[in-house]
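Next one to model:
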Amino acid sequence: MALKYNSDVFLRLYAPTLGTEYRDALNALHDVLGTYSDDVACDRLMRTLPFLQFVQEGAWRSSKTKVATEKKLKRAWSAFKKAQRPWSVE
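Model prediction:
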């Protein structure tokens, strides 16, 4: 997510007091997207490798975690959309 890394660098460099809400929301969204990606990869791996199909507790935990992560993703996305864009501050 180039947007996260670029905003970390340039907002701190050019406008350290602006963009904290935006940067915080973007960081939270980045973290949740990483967790979501891990959950999807885990589910795919469990379906692909035959010996992992017997790990029932892991499969249950993975799907339960995925649902919780999807809720966090919706909240993080909503917060990011509402965050004040630093370039729109007058």
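
Test for you: state the pLDDT assigned to residue 32.
Residue 32 carries a pLDDT value of 92.

and it, what is it in contact with?
Residues near residue 32 by C-beta atoms under 8 Å, 6 or more residues apart in numbering: 69, 72-73, 76. All C-beta spots, glycine's among them, are computed from the backbone N, C-alpha and C.

got a pLDDT number for residue 58?
Residue 58 is assigned 54 on the pLDDT scale.

go on, residue 29?
94.

buried sites along the strand or helix carrying it?
Here residue 29 sits within helix 20-48, counting by DSSP states H and E. Of the residues in helix 20-48, 22-23, 25-30, 32-33, 36, 39, 42, 46 count as buried by neighbour count, 16 or more other C-beta atoms under 10 Å.

Between those residues, which sits nearest residue 86?
residue 22 (5.6 Å; C-beta to C-beta).

Burial check on the nearest residue to the closest one once chain neighbours are set aside, number of neighbours?
Closest residue in space to residue 22, ignoring its immediate chain neighbours: residue 83 at 4.4 Å, by C-beta to C-beta, 6 or more residues apart in numbering. Residues lying near residue 83 (other C-beta atoms under 10 Å) number 18.

What does residue 83 show for phi and psi?
Dihedral pair for residue 83: phi -60, psi 140, per degrees, to the nearest 10.

What pLDDT does the model give it?
pLDDT for residue 83: 91.

What ranges in the protein fall below the confidence cut-off?
1, 50-63, 89-90 (pLDDT under 70).

Secondary structure element for residue 16, which one?
Per DSSP H and E, there is no helix or strand for residue 16.
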